[in-house]
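Engineer: Below are the sequence and a predicted model; questions follow.
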Amino acid sequence: MFWPNRNGEKGELFIDDILCWKLAIDDQGSLYVTHMWGGEVRRYRVGENVTVVAGGNSIGGGLNQLSTPLSIFVDQDYSVYVLDARVTFGWNHVEYWRVVKWAKDAEEGILIGEGHNPQSISIGSVHSHGMFVDSLGTVYAVDPIYGRVMRWLKHATQGIAIVTQGCPLPGNPDTTRP
C-alpha cells in the first residue's frame, strides 16, 4: 500500500501479485522489494517499468539466482545486498544462507559470505534475519541458522561472528534471537 501524504487516511494499491518480505528505499526514492517465491529483488521507480535488480533467473543458488531473499540493503552506489537462504520444511529449516552483492546493472552477484546447516538443525522459524552495510563497505548480517551477527570487512574473504550471545548453537537450548 502507498499513502501519498502523512495525513492520508486512504492508501492506494501500489504493488500486487508479489509475496514481499523486505523493502528498501534508495536516496532517489526508488523502492526495492523482495519477491520471496520469485527468487528476485525488484526496483520500482515512479513513471518507469519494474526492473529486476537481483536474481530473476529462476529460483536457485547460482550467482545469477536467488532462492529466498530474506533481507536487502541498498548502498550509496545503488548496489543491492541480499541475504538469501534456502528454506525447506515449512520455514523451519535453513539449509544454507549467503550474502550476495549485486552491483548496479549487474547480471550476477558477488558472494560476500555464506553459512551452512551441516547438522540439519531445525530452527523453529526464520525470524532472525537482517542486514546492514556501513559507509566503509562493511557488511553486517544475522546468520538465520544460529542467530549470530556476522561481519565482513570490505574485500574480506572470511566473515567473523561479532555477536554470539544467546545463539542456538548445537547443544545450547537457548533460542534467543538478536
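Structural biologist: Received it, and whenever you're ready, just let me know what you need. Treat the numbers as computed from the prediction; the structure is a model and nothing was measured.

Engineer: Over to residue 134: give its phi and psi.
Structural biologist: phi -80, psi 180 (degrees, to the nearest 10).

Engineer: Assign a three-state SS to residue 96, would you?
Structural biologist: strand (DSSP: H, G, I helix; E, B strand; the rest coil).

Engineer: burial of it, as a residue count?
Structural biologist: 17 (other CB atoms under 10 Å). C-beta: built from backbone N, CA, C; applies to glycine.

Engineer: Equivalent analysis for residue 52, please.
Structural biologist: 14.

Engineer: Check the gap between it and residue 153 for me.
Structural biologist: The spacing between residue 52 and residue 153, counted by CB to CB, to the nearest Å, is 29 Å.

Engineer: Residue 95 too?
Structural biologist: 27 Å.

Engineer: Please identify which of the two sits among more neighbours.
Structural biologist: Set residue 95 next to residue 153 and count neighbours by other CB under 10 Å: residue 95 wins out with 16 against 13.

Engineer: per-residue pLDDT, the more buried one?
Structural biologist: Looking at residue 95, its pLDDT is 73.

Engineer: Surely it and residue 116 touch.
Structural biologist: Yes. Using CB atoms under 8 Å, residue 95 is in contact with residue 116, at 7.3 Å.

Engineer: can you list the weak-confidence ranges in the chain?
Structural biologist: Applying pLDDT under 70 to the chain flags the ranges 1-20, 88-94, 117-128, 165-178.

Engineer: all helices for it, in order.
Structural biologist: Remark: no helices are assigned in the chain by DSSP state H.

Engineer: quick one, strands of it?
Structural biologist: Secondary structure of the chain (DSSP state E): strands located at 23-25, 31-35, 40-44, 51-55, 68-74, 80-88, 93-102, 110-116, 131-133, 139-142, 149-152, 160-163.

Engineer: of all those, which lies closest to residue 61?
Structural biologist: strand 80-88 (6.7 Å; CB to CB).

Engineer: Mind giving me the packing neighbours of that closest one?
Structural biologist: Under the contact definition 3 or more CB pairs under 8 Å, 6 or more residues apart in numbering; DSSP states H and E, strand 80-88 sits against strand 51-55, strand 68-74, strand 93-102, strand 131-133, strand 139-142.

Engineer: Let me know which of the ones you listed is the nearest to residue 109.
Structural biologist: strand 93-102 (3.7 Å).

Engineer: and the gap between the residue most central in space within the chain and residue 107?
Structural biologist: In the chain, the residue lying closest to the centroid (CA atoms, centre = their mean) is residue 71, at 2.3 Å. Distance of residue 71 to residue 107, given as CB to CB: 22 Å.

Engineer: and if you look at residue 79?
Structural biologist: In terms of CB to CB, residue 79 sits 14 Å off from residue 107.
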